[in-house]
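Engineer: give me a model of this one.
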Amino acid sequence: MKKLLLLIGLVVSLTTSFVSADDISDFEIEGISLGDNIQDHFSKNQLEQFYRSFGKQHTAVEVYSNEGINHPRYFKLQTYDGMQVHYDDKSKKIIGIFGAINFPDDISGCLKKLNEIKPEIESVTRSTILRKKDEINNKHWDDPSGKSYTTGVTYYIKNDHHIHLDCYDWSEEMKPLIDHLRLGVLLKEYLDLIESEYN
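Structural biologist: Modelled structure (predicted):
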C-alpha cells in the first residue's frame, strides 16, 4: 500500500501532514506515485491534451488547477496549483513528479512555508536520506536578466533518487511566471535522462 505525502492547501497557507516513507515510491503527489504507469492516471485523450515534450526520450503531462475550467491544461487537483508528471516514452513508467503551489509576489510566504515543510520531509525520510544540500538565492539559468532566484534544498535519497523543495522568485522580466513553491520527487532514471539531454 502506498504511503502518503500530503500537502493540504488552505487558500494560500498550507498545513502539512506526512507519514513515514521507507522508499521514494511511497510518496504520492495528487494520488500519483513514482513507478506507476501514466496510463493508470490519465486517459489517452488527456495524455494528448496535456502533452509536453522534454527531450528525445521522455515526455510529461503538465496541468493546472488554478487557470479556470476553460484553460486547455485545466485538470482538477486537490492540493496543488500545477503539476508535471514525467514518464518514459516506451514503458510509460512515471519517473518524476513535480507539484507547485503559487505564492504570487509573496516570496517571503513561500520561504516560510518551505522552512515549515523541510523538517517534516526530513522526519519521514530520515532512514533514506544520504545527504542534503541547501541552496540560497541561486540565479535561475532561464532568466537572461539574472534577476530570478531559487532557494531550496535537495535531498539525496538511497538508490540515487532525489527530492527537491524550492521557492522560485521570478523577476518582472519573466512575467507571467508566478513565484511558487515546488516539490519534486525524482527517480534516478529521470535524473539520468536530464543529464544525457542537457550535457
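Engineer: helix or strand for Lys112, just tell me which one.
Structural biologist: If you go by DSSP states H and E, Lys112 is part of helix 107-124.
Engineer: tell me the buried residues in the helix or strand that that helix is followed by?
Structural biologist: For helix 107-124, the following helix or strand on the C-terminal side (DSSP H and E) is strand 129-139. For strand 129-139, burial by neighbour count (16 or more other Cβ atoms under 10 Å) applies to Lys132. To be clear about C-beta, it is placed using only N, CA and C from the backbone, and glycine gets the same treatment.
Engineer: what lines up beside strand 129-139 in the sheet?
Structural biologist: strand 149-157 (antiparallel) (DSSP bridges).
Engineer: list the buried residues for the strand it pairs with?
Structural biologist: Per 16+ other Cβ under 10 Å, strand 149-157 contains these buried residues: Tyr149, Thr150, Thr151, Gly152, Val153, Thr154, Tyr155, Ile157.
Engineer: now tell me what touches that strand from outside.
Structural biologist: Outside of strand 149-157, the residues within contact range by Cβ atoms under 8 Å, 6 or more residues apart in numbering are 24, 111, 114, 118, 121-122, 125, 128-140, 162-169, 182.
Engineer: any chance of the buried residues of strand 149-157 in JSON lines, plus distance to Asp40 and pLDDT?
Structural biologist: Listed next are the buried residues of strand 149-157 as JSON lines, based on distance: Cβ to Cβ, whole Å; pLDDT from 0 to 100:
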{"residue": "Tyr149", "distance to Asp40": "37", "pLDDT": "97"}
{"residue": "Thr150", "distance to Asp40": "32", "pLDDT": "97"}
{"residue": "Thr151", "distance to Asp40": "34", "pLDDT": "97"}
{"residue": "Gly152", "distance to Asp40": "30", "pLDDT": "97"}
{"residue": "Val153", "distance to Asp40": "30", "pLDDT": "97"}
{"residue": "Thr154", "distance to Asp40": "28", "pLDDT": "96"}
{"residue": "Tyr155", "distance to Asp40": "26", "pLDDT": "95"}
{"residue": "Ile157", "distance to Asp40": "23", "pLDDT": "91"}
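Engineer: quick check: the farthest pair among the residues you listed?
Structural biologist: Tyr149 and Ile157 (25.2 Å; Cβ to Cβ).
Engineer: most distant residue from the centre of this structure?
Structural biologist: Ranked by distance from the centre of the chain (Cα atoms, centre = their mean), the top residue is Ser145, with 24.7 Å.
Engineer: could you report the separation of the residue nearest to Lys158 when sequence neighbours are not counted from Ile94?
Structural biologist: Excluding the flanking residues, the one nearest Lys158 by Cβ to Cβ, 6 or more residues apart in numbering is Thr128, at 5.0 Å. Thr128 sits 19 Å away from Ile94, taking Cβ to Cβ, to the nearest Å as the criterion.
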